[in-house]
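Trainee: Using only what follows, build the 3D model:
(2 chains)
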Amino acid sequence: MDVTETKTIKVDTDCKQNPVFISWLNTYGGREHWLFHKVQINGLVTINGQEFEKDITDLENATSKTEILSKDAVPQLIVNAYVDVEDLEGIKTMLYSPCVEMLMNIDTWEVEGPKWLRVEPLPGSFPLYNSLQSKALIEITFNLPYINIQSQ
Amino acid sequence: MSLVIVKTPQVNVDLNTTKWSSVHQPIEIQVQRKDVLVQFKRRITPTNNYFRINGVVPSEVKVGDIGMYVSSTNVTFNFKILSISGNTITIDSTSLDSIQLANYSGGYINFISTYSSYYIETKILSVDSSDSYVEVGISKNKPDNQGKALISINEWLKDNVVYNNTFEYNVLNKKIIGEGYKFNFQFREVKNNIAGSWTNLSSSYIYYWVNSVKQIQEKYGFFMGDYVPTFDATRINKAKFQSVFKKPTYFPGFPFSLNFIYSDNLGKLNVRKHETRKDINGSVLSTSDSLLNMTQRFSANRLMLAGNYTSNVKEIDVVLQCTEDDFNTHSPINNGTYTDGSVFNQWVEKDNVKPEVRGFDTGVII
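Mentor: Numbers count the residues shown, from 1 in each chain, chains lettered A, B, ... in the order given. Below you'll find the predicted structure:
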């Protein structure tokens, strides 16, 4: 006797260029998985901290007038997927998941176990698709962990 | 004196009681204070009104104290004690109205002025990876005027949630206790700042939390009923896997798992994962059956696919199945050891026991 529903799993065997594999927690308490591929955009967001105005006594040999005391840099990864609308309904739940992770060892996870890194989908408002579409494009920007930088 | 448990965190799904709740929403236990049980109240003469109770009147109760009576039909009134004799309480009949003068049977009395300070402590226990109980906190609650208290304990259980993905993706099914697991609770009354004894830790009060959250108008409210597998031929809407995708996608070469609740409702039945592999036209290519590891039950579980499919497999139907009379021959007996040395019950398979709490000094079960 069945004690659960019958869940149909699609198998996607296409070759994947530039794979980015994401796993996230959904609101049902379960884990989802999705592979993004083809084109991604690697980006970087930098922010300058406080600027310090130096007191110059030796103008001829001075090397700078101001110094930035700290900087922040957040790498970004922009992925997109062109998928069936019913898959988009599932992928969109990543945008509000409290735990989204990226697989770091795509080539070796089967041997050494998967290694995950937390990433943050950028918040925003996302018009996803209209009722006439059967396939639609979704683009998601992830903030990766910020870079550790020396500060003064 | 005792507390009676009126409501526990469970919901009926067709023929079964399911005990799994979302941990991010209230997990509620309702208890009712009943200091003594009443056999009957009689009015012999207009000035001779008395209660005959079960057991004896507690020694702290004195003449002139105020009690509250709730009859078996929920007629409720306060009375003043005129005299006490063994198991008889005679009440002050001056200015009683017709309701208070009538005869009654059953019900209970709370001595509300005797115990001017009264509250209930609820000890919340979770279970760790070595299957031992761990105390996570104590909730203090004052009951309302009727002696009823609604105690919600999910905030303490949230400490056990693990958000990171810890599954190794190397076994058919595995329990992930950070995604959903057992909890239990004990009560005691604190009367005039003197604490009574804790109720026994009993396997009948093992319930389960899941790291999930329910939405407005969703079936079963705060409970995970829709996701709890039960062995019930009449159940039309079988337990769902915890996936938001109508048809999740498996990318060969990459991790994949489905979440399900390996529930207590399946008892000792063997559970098998049945796969039906289909080609691009939906024709069946092959099937397989795999026996789940039963030691991983009573927890949120991950389930893996067989994998290594031939390239013509485009869809796989996955379902969990049990067969009647197909019992696991090693009945796993879990010993929950309580870390502070208190007495606990060895946990064996048990039918649902009516959830009542033993009285403290009289040993009366109501």
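
Trainee: With adjacent residues omitted, what lies nearest to B:Lys34?
Mentor: With Cβ to Cβ, 6 or more residues apart in numbering or on different chains as the criterion, B:Lys34 has its nearest non-adjacent residue at 3.9 Å, and that residue is B:Tyr108. (Each C-beta comes from the backbone N, C-alpha and C, glycine too.)

Trainee: and that neighbour, what does it touch?
Mentor: B:Lys34, B:Asp35, B:Val36, B:Leu37, B:Val38, B:Tyr69, B:Val70 (Cβ atoms under 8 Å, 6 or more residues apart in numbering or on different chains).

Trainee: Kindly recompute the last result at 7 Å.
Mentor: B:Lys34, B:Asp35, B:Val36, B:Leu37, B:Val38, B:Val70 (Cβ atoms under 7 Å, 6 or more residues apart in numbering or on different chains).

Trainee: Which residues of the stretch 51-200 of chain B lie near chain A?
Mentor: For the stretch 51-200 of chain B, the residues in contact with chain A (Cβ under 7 Å from any Cβ of the partner chain) are B:Tyr163, B:Asn164, B:Asn165, B:Glu168, B:Tyr169, B:Glu179, B:Gly180.

Trainee: are any of these buried, and which?
Mentor: Using 16 or more other Cβ atoms under 10 Å in any protein chain shown as the burial test, those include B:Asn165, B:Tyr169, B:Glu179, B:Gly180 as buried.

Trainee: and those as JSON lines, adding pLDDT and secondary structure?
Mentor: Compiled in JSON lines, those are given as follows (pLDDT from 0 to 100; DSSP: H, G, I helix; E, B strand; the rest coil):
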{"residue": "B:Asn165", "pLDDT": "97", "secondary structure": "coil"}
{"residue": "B:Tyr169", "pLDDT": "96", "secondary structure": "coil"}
{"residue": "B:Glu179", "pLDDT": "97", "secondary structure": "coil"}
{"residue": "B:Gly180", "pLDDT": "97", "secondary structure": "strand"}
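
Trainee: Show me where chain A has its strands.
Mentor: Applying DSSP state E to chain A gives strands spanning A:7-11, A:20-25, A:31-36, A:40-48, A:51-53, A:66-68, A:71-84, A:100-103, A:116-118, A:120-121, A:135-143.

Trainee: Now do the shortest one: everything it contacts.
Mentor: What that stands for is strand A:120-121. A:Met94, A:Leu95, A:Val100, A:Ile140, A:Thr141, A:Phe142, A:Asn143.

Trainee: If any of the residues you listed are buried, give me the ChimeraX selection for them.
Mentor: Listed next is the ChimeraX selection for buried residues among those, using 16+ other Cβ under 10 Å:
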select /A:94,95,100,140,141,142,143
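
Trainee: quick one, what contacts the closest residue to A:Phe36 other than its chain neighbours?
Mentor: Excluding the flanking residues, the one nearest A:Phe36 by Cβ to Cβ, 6+ apart is A:Val79, at 3.9 Å. Shown in contact with A:Val79 (Cβ under 7 Å, 6+ apart): A:Val20, A:Phe36, A:Gln40, A:Ile140.

Trainee: List, one by one, the residues from chain A near chain B.
Mentor: Residues of chain A lying close to chain B (Cβ under 7 Å from any Cβ) are A:1-13, A:21, A:23, A:25-33, A:35, A:86-87, A:90, A:93, A:98-99, A:101, A:103, A:109, A:113-114, A:116.

Trainee: Buried subset of these as a ChimeraX selection?
Mentor: Buried members of the residues of chain A next to chain B can be picked out in ChimeraX with the line below, counting by 16+ other Cβ under 10 Å:
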select /A:3,4,5,7,8,9,10,11,12,21,23,25,26,27,28,29,30,31,32,33,35,87,90,93,99,101,103,109,114,116
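
Trainee: Report how many residues lie close to residue 152.
Mentor: Using chain A here. Here the number of neighbours of A:Gln152 (other Cβ atoms under 10 Å in any protein chain shown) works out to 9.

Trainee: I was after chain B.
Mentor: 16.

Trainee: what residues are up against it?
Mentor: With Cβ under 7 Å, 6+ apart, B:Ser152 has these contacts: B:Pro26, B:Ile27, B:Glu28.

Trainee: Of those - the most surrounded one?
Mentor: B:Ile27 (25 neighbours).

Trainee: Is that residue in contact with B:Ile153, as I believe?
Mentor: Yes: when contacts are counted by Cβ atoms under 7 Å, B:Ile27 is listed as touching B:Ile153 (5.4 Å).

Trainee: Spit out the contact partners of B:Ile176.
Mentor: Here B:Ile176 is in contact with B:Thr166, B:Phe167, B:Ala300, B:Arg302 (criterion: Cβ under 7 Å, 6+ apart).

Trainee: okay if I get these as a markdown table plus distance to B:Pro229, secondary structure and pLDDT?
Mentor: Listed next are the contacts of B:Ile176 as a markdown table, based on distance: Cβ to Cβ, whole Å; DSSP: H, G, I helix; E, B strand; the rest coil; pLDDT from 0 to 100:
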| residue | distance to B:Pro229 | secondary structure | pLDDT |
| --- | --- | --- | --- |
| B:Thr166 | 23 | coil | 96 |
| B:Phe167 | 19 | coil | 97 |
| B:Ala300 | 12 | strand | 97 |
| B:Arg302 | 15 | strand | 98 |
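
Trainee: Tell me the one among those nearest to chain A.
Mentor: B:Ala300 (6.4 Å; Cβ to the nearest Cβ).

Trainee: Skipping its backbone neighbours, what lies nearest the closest one in space?
Mentor: B:Gly180 (3.1 Å).

Trainee: Give the bridge partners for that neighbour, please.
Mentor: Beta-bridge pairing for B:Gly180 (DSSP bridges): B:Val210.

Trainee: Any figure for the gap between it and A:Phe142?
Mentor: Going from B:Gly180 to A:Phe142 by Cβ to Cβ, to the nearest Å gives 27 Å.

Trainee: For residue 127, report the pLDDT, please.
Mentor: You didn't pick a chain, so chain A it is. We have a pLDDT of 80 for A:Pro127.

Trainee: wrong chain, I was asking about chain B
Mentor: 95.

Trainee: burial count for it?
Mentor: Using other Cβ under 10 Å, B:Val127 is surrounded by 21 other residues.

Trainee: what do you get for A:Lys115?
Mentor: 13.

Trainee: Please name the residues that touch it.
Mentor: Counted by Cβ under 7 Å, 6+ apart, A:Lys115 has contacts A:Met104, A:Asn105, A:Trp109.

Trainee: Save those as JSON lines, and put in distance to B:Glu189 and pLDDT too.
Mentor: Output for the contacts of A:Lys115, formatted as JSON lines (distance: Cβ to Cβ, whole Å; pLDDT from 0 to 100):
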{"residue": "A:Met104", "distance to B:Glu189": "54", "pLDDT": "96"}
{"residue": "A:Asn105", "distance to B:Glu189": "55", "pLDDT": "95"}
{"residue": "A:Trp109", "distance to B:Glu189": "54", "pLDDT": "96"}
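
Trainee: out of the residues you listed, which one sits closest to chain B?
Mentor: With Cβ to the nearest Cβ as the yardstick, the closest approach to chain B among the contacts of A:Lys115 comes from A:Trp109, at 6.7 Å.

Trainee: okay but that closest one is in contact with A:His33, surely?
Mentor: No: A:Trp109 is beyond contact range of A:His33, at 11.9 Å (criterion: Cβ under 7 Å).

Trainee: Give the next helix or strand downstream of the host helix or strand of B:Ile44.
Mentor: Take DSSP states H and E as the rule and B:Ile44 turns out to sit in strand B:36-45. Where DSSP H and E defines the elements, the next helix or strand beyond strand B:36-45 is strand B:48-53.

Trainee: Quickly run through the sheet partners of the following helix or strand past that next one, with directions.
Mentor: Counting by DSSP H and E, the next helix or strand C-terminal to strand B:48-53 is strand B:66-70. Strand pairing for strand B:66-70, using DSSP bridges, gives strand B:76-85 (antiparallel), strand B:108-110 (antiparallel).

Trainee: Great, nothing more from me.
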